[in-house]
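# this one's sequence-less:
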C-alpha cells in the first residue's frame, strides 16, 4: 500500500507521479525507477549535500550581491557566478528527481508532503526563481540569494551533535497553536498600549528644540558665502565681530543621549494668565509661546535673553518617521521598541521630554509594558516551548524504547529459531548403532 510518510520502496509511493506531465510516470516507468534509485542513493545524497555546502559557502563569502545584475546586462559573467548558477541547477534537478520519484503533493507520501525539508527546498527554489526573473527584467535592487543559506540546515542535521535541531523544529511545529495564542495575547496587549499611547503622545515626537535667529561671528558660521564676509582683517577682538545673522530653525544638538531635545509648548500666545502661571518656570519665544526648551538655563538664571531656542511643533518624527504615536502603526512600532528593552531608552527619553507634565504617568506606562509584554509573555513563550519540548522528547523516548523492545523480541525469536534448527541438525547427525554389533563383540570375547 501507499505509505503515509516518506516511501522506502517504489511500491509504497503513489501509483502514478506527475500526472499532468504527459500522463505521468507509473511504477514500471524506467525514468521513474532510475529517479527513485537516485533519490534513495546514499552517494547521490552526499553529492547533493556537498553542493549545498559549497553554494552556502560561496554565498556567505560573496562580497557584492548587486553586481550580478550588472554582469548579466554586460555579458561579463564571472566563473564564480557560473558556479553559483550550476549549483542552483543541480539543486533544482534534485527537486525534480524527487518529484518524479514520489509525486508532487497529491498524497502524504509525495515529495512535498513527506518531509519538512522538501518544503524548505521548494521555498528556496521559488525565491531563487523570483530573483532571477527580477534580474532579467532589470529589477535587481533587492537580492534574495542569502535565503538559499536556509538549505544548510539539511547538512547540519546530518551531524550527530546537531540531531537535536530536528527535535527543536518538531517542538515548534507541535506547539504552533499554543504559540499562536501567546502571540495573539502579545498583539492584544500591544494594541491596548498603542491606543493609550496615541491618546497621550500623539504628535508629541514630532516636536523638537530648534535655534532662534541670532547673530554669530562670520568666521564661525557655516552660512557665509565666500571670503568677503569672513574677513580676518576686520576681526574685532573686543566683541568677536564681524557678525552675520543666522536664520535659525536648525535642530539643537544636546550634550548627551539622545543628542536631540524634544519639547512641548505648555502655553500658547494669548492664553489667559499665561505669564502669571508659566512666566517664572518656562521661557517664551518671540511668538509668545511658552515652552520647555532650555528650561534648566532659564530657571537657573531667570533671564529670557539667554534663551536661543524655540519649540518647532512640525519638525518630523524620529527613526526615519517610523517611531511615533500619531497612528496605530507607528504606535505598535514604538511599543515593540519599549518591549525589546534595549531600544526602549530612546522612546522613554522622547516621552519624558515631549510631555514633561506627565512624567509619572510615562514611567508607569513603560513599567506596565515591560512587565506584561517583556516578562509575562516572554515567560509564557518559554513555558510553551519547554513544555512542548518535554512532551516531544518523552514521545521520542517512548518510540525508541518500543523499537528497541521489538528489536529484542525479534532477536530473541531469531535466537530461538536458530537453537531449534541447531538441535534438529544434531539429532539428524547423531549416529545410529549397527545391527548385531553387540553379538560380534561377545563372540570375540568368547
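Done, it's in. This one's a predicted model, so the numbers in the text were calculated from it and none came from an experiment.
# contacts, neighbours, all on C-alpha from now
OK.
# could you give the mean pLDDT of stretch 366-378?
Average pLDDT, stretch 366-378: 89.
# next, count neighbours for the nearest residue to residue 317 once chain neighbours are set aside.
Nearest non-adjacent residue to residue 317, counting by C-alpha to C-alpha, 6 or more residues apart in numbering: residue 206, 4.7 Å away. Using other C-alpha atoms under 10 Å, residue 206 has 24 neighbouring residues.
# is residue 206 in a helix, a strand, or coil?
Secondary structure for residue 206, judged by DSSP: H, G, I helix; E, B strand; the rest coil, is coil.
# touching, it and residue 316? I think so.
Yes - between residue 206 and residue 316 there is a contact under C-alpha atoms under 8 Å: 4.7 Å.
# next, the contact list for the residue nearest to residue 317, please.
Contact analysis of residue 206 by C-alpha atoms under 8 Å, 6 or more residues apart in numbering lists 313, 314, 315, 316, 317, 318, 324.
# let me know the closest of these to residue 111.
Using C-alpha to C-alpha, residue 324 is the member of the contacts of residue 206 that lies nearest residue 111, at 47.3 Å.
# assign that closest one to helix, strand or coil.
Secondary structure, three-state DSSP: residue 324 is coil.
# residue contacts, the residue lying closest to it once chain neighbours are set aside?
Spatial nearest neighbour of residue 324, chain neighbours left out: residue 330 (5.1 Å); criterion: C-alpha to C-alpha, 6+ apart. Applying C-alpha under 8 Å, 6+ apart, we find residue 330 in contact with 322, 323, 324.
# can you tell me which of the residues you listed are buried?
When the contacts of residue 330 are checked for burial by 16 or more other C-alpha atoms under 10 Å, the buried set is 323, 324.
# show me the shaky parts of the protein.
Across the chain, the ranges flagged by pLDDT under 70 are 1-5, 63-76, 138-142, 157-163, 165, 218-242, 424-446.
# try 50 this time
65-67, 69, 224-228, 437-446 (pLDDT under 50).
# domains for it, by residue range?
According to automatic domain parsing, the chain comprises the domains 10-161, 163-205+325-421, 208-320.
# quick check: residue 287 vs residue 213, distance?
Noted for residue 287: a distance of 13 Å to residue 213, by C-alpha to C-alpha, to the nearest Å.
# more neighbours, those two?
Using other C-alpha under 10 Å as the criterion, residue 287 and residue 213 rank with residue 213 on top: 15 against 9.
# now do the strands in the stretch 1-150 of the chain.
Per DSSP state E, counting those that start in this stretch, the stretch 1-150 of the chain carries strands over the ranges 16-17, 25-26.
# just the residues contacting the last one, thanks.
Residues external to strand 25-26 that are found in contact with it (C-alpha under 8 Å, 6+ apart): 15, 16, 17, 18, 19, 31, 32, 100.
# same check, this time on stretch 338-351
With C-alpha under 8 Å, 6+ apart, stretch 338-351 has contacts from 201, 204-205, 258, 261-262, 323, 334, 337, 359, 362, 366, 369-370, 373-374.
# can you select the buried ones from these in ChimeraX?
Buried subset of the contacts of stretch 338-351, written as a ChimeraX selection, criterion 16+ other C-alpha under 10 Å:
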select :201,204,205,261,262,323,334,337,362,366,369,370,373,374
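# between the contacts of stretch 338-351, which is nearest residue 271?
residue 204 (20.2 Å).
# list the contacts of the closest one.
Residue 204 neighbours (C-alpha under 8 Å, 6+ apart): 264, 324, 325, 351, 354, 355.
# going by neighbour count, which residues in the helix or strand hosting the fourth one are buried?
Pointing back at residue 351 there. Under the criterion of DSSP states H and E, residue 351 resides in helix 344-354. Neighbour counts using 16+ other C-alpha under 10 Å place 344, 346, 347, 348, 349, 350, 351, 352, 353, 354 of helix 344-354 among the buried residues.
# please apply the same query to stretch 182-200.
Across stretch 182-200, burial judged by 16+ other C-alpha under 10 Å covers 182, 183, 186, 189, 190, 191, 193, 194, 195, 197, 198, 200.
# need the residues that contact that stretch.
With C-alpha under 8 Å, 6+ apart, stretch 182-200 has contacts from 325-328, 331-332, 335-336, 369, 372-373, 377, 380-381.
# next step: those residues restricted to helices.
Members of the contacts of stretch 182-200 lying in helices (criterion: DSSP state H): 328, 331, 332, 335, 336, 369, 377, 380, 381.
# how many neighbouring residues does residue 22 have?
Neighbour tally, residue 22, other C-alpha under 10 Å: 7.
# what about it, distance to residue 16?
From residue 22 over to residue 16 the distance is 11 Å, taken as C-alpha to C-alpha.
# same question for residue 280.
From residue 280 to residue 16 the distance is 89 Å (C-alpha to C-alpha).
# more neighbours: which of the two?
Legend: neighbour count by other C-alpha under 10 Å for residue 280 and residue 16, higher for residue 16 (18 against 13).
# which residues touch the more buried one?
24, 25, 26, 27, 103.
# pull up the gap between the third one and residue 104, please.
Think residue 26. The gap separating residue 26 from residue 104 is 14 Å, by C-alpha to C-alpha.
# what sits in contact with each of the two?
Shared contacts of residue 26 and residue 104 (C-alpha under 8 Å, 6+ apart): residue 17.
# between these two, tell me which one has more neighbours.
When neighbours are counted by other C-alpha under 10 Å, residue 26 and residue 104 differ, and residue 104 comes out ahead with 22 against 19.
# and the gap between that one and residue 209?
To residue 209, residue 104 is 63 Å away according to C-alpha to C-alpha.
# cool, residue 16 as well?
Distance of residue 16 to residue 209, given as C-alpha to C-alpha: 73 Å.
# residue 318 now?
Computed as C-alpha to C-alpha, the residue 318 to residue 209 distance reads 13 Å.
# so between those two, which is more surrounded?
With neighbours defined as other C-alpha under 10 Å, residue 318 and residue 209 compare such that residue 209 has more, 27 against 16.
# pretty sure the more buried one sits in a helix.
No - under three-state DSSP, residue 209 sits outside any helix and is assigned strand.
# returning to that earlier point: with distance to residue 150 added, can I get the ones in helices among the contacts of stretch 182-200 in TSV?
TSV is the format used below for these (distance: C-alpha to C-alpha, whole Å):
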residue	distance to residue 150
328	34
331	33
332	29
335	30
336	27
369	34
377	28
380	28
381	24
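# tell me the one of those residues nearest residue 108?
residue 381 (30.6 Å).
# wait, the closest one sits on residue 181?
No - in this structure, residue 381 is not within contact of residue 181 by C-alpha under 8 Å, at 9.7 Å.
# compare those two (neighbour count), which wins?
More crowded of residue 381 and residue 181, by other C-alpha under 10 Å: residue 381, with 18 against 13.
# related to what we said a few turns ago, restricted to buried residues, select the contacts of strand 25-26 in PyMOL.
Here is the PyMOL command that picks out the buried ones among the contacts of strand 25-26, judged by 16+ other C-alpha under 10 Å:
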select buried, resi 15+16+17+18+32+100
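# understood, closing this out.
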